[in-house]
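*Asks:* Quick one, structure for this:
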Amino acid sequence: MNAIILCGGLSTRLGEITKTIPKILLTIGDKTILDWQLEKLKTAGVKEVVLAAGHLASTLFNEVGEERMGVKLIYAIEDKKLGTGGAIKHAWQYLSKAEEPVIILNGDIMTSVDLPKMCSDLKPESDGLLLGAYAPDVASYGTLEYNQEFHLTAFKEKTGIHEPGYQNGGYYIFNPSIKKYFPESQEFSIEYDVFPNVNNLYVYEFKDIWIDVGVPERLEWARENYKQFFNF
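*Replies:* Predicted structure coming up:
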């Protein structure tokens, strides 16, 4: 199974914290976010990961190198901002088995989801599977709408409506067929420019621990509660 970690953003929401250190190298407990994610990917049998890097890419490389925790690391460094979709399109070129499915993780997500179980739910005939993480208030997240077969019927990016629902969990498993929906341009959003147009995406419904640590208060929460909640 291929894997890509999206870790090239500017991390402006964290302010001074990430001016000199990539967000993915911030520590939660005794591990960096990268270590947590590599540990998660290893449970799914991943042995090689492409890091879609940009901001502070040289710092990331100098700190981590080409192997960590027994996982080979390949750097797909962006020379300009590509957006989430453009970063995936660029990183896909670095996959050693581009004809196989790929797990894609946003580099600021911590979750207790069972990744091997999620992988087992990927339908070979589909374009992919999105993690749908439950939240009591989805106002600041992209929300997923789907039918009883978990087929995605609508992707709504940050509606601002305060209600419970299933949000875009930032974990994706794509079959190569999804690439036909990528725009020809280098820079685009996977959320705005791809998901609304894909015909055959499914949702993996998840109600346990999930957090985006891309803002200071959520990062602090994760640091205070990881021993209790992150059993992965």
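*Asks:* Can you name every helix or strand that the longest strand belonging to the chain contacts?
*Replies:* In the chain, ranked by residue count with DSSP state E as the criterion, the top strand is strand 165-174. On a contact count with 3 or more Cβ pairs under 8 Å, 6 or more residues apart in numbering; DSSP states H and E, strand 165-174 meets strand 102-106, strand 109-111, helix 115-120, strand 128-135, strand 143-146, strand 201-206. Glycine gets a C-beta too; all of them are placed from N, C-alpha and C.
*Asks:* which residues are contacting it?
*Replies:* With Cβ atoms under 8 Å, 6 or more residues apart in numbering as the test, strand 165-174 has contacts from 101-106, 108-109, 111, 113, 115, 118-119, 122, 127-135, 138, 141-144, 146, 155, 157, 190-191, 203, 205-206, 210, 212.
*Asks:* then stretch 120-137 to PDB, C-alphas only?
*Replies:* The C-alpha trace of stretch 120-137 is given here as PDB (Å, rounded to 0.1, in the frame of the first residue of the first chain):
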ATOM      1  CA  SER A 120     -10.300  -3.200   4.200                       C
ATOM      2  CA  ASP A 121     -13.500  -1.200   3.400                       C
ATOM      3  CA  LEU A 122     -12.000   0.300   0.200                       C
ATOM      4  CA  LYS A 123     -14.100  -1.000  -2.700                       C
ATOM      5  CA  PRO A 124     -11.800  -1.900  -5.700                       C
ATOM      6  CA  GLU A 125     -14.400  -0.500  -8.100                       C
ATOM      7  CA  SER A 126     -14.600   2.900  -6.300                       C
ATOM      8  CA  ASP A 127     -12.500   6.000  -6.600                       C
ATOM      9  CA  GLY A 128     -11.800   6.000  -3.000                       C
ATOM     10  CA  LEU A 129     -12.800   6.200   0.700                       C
ATOM     11  CA  LEU A 130     -12.900   9.200   3.000                       C
ATOM     12  CA  LEU A 131     -12.800   9.200   6.700                       C
ATOM     13  CA  GLY A 132     -16.000  10.700   8.100                       C
ATOM     14  CA  ALA A 133     -15.200  11.800  11.600                       C
ATOM     15  CA  TYR A 134     -18.200  12.600  13.900                       C
ATOM     16  CA  ALA A 135     -18.300  16.000  15.500                       C
ATOM     17  CA  PRO A 136     -20.900  17.600  17.700                       C
ATOM     18  CA  ASP A 137     -20.300  20.900  15.800                       C
END
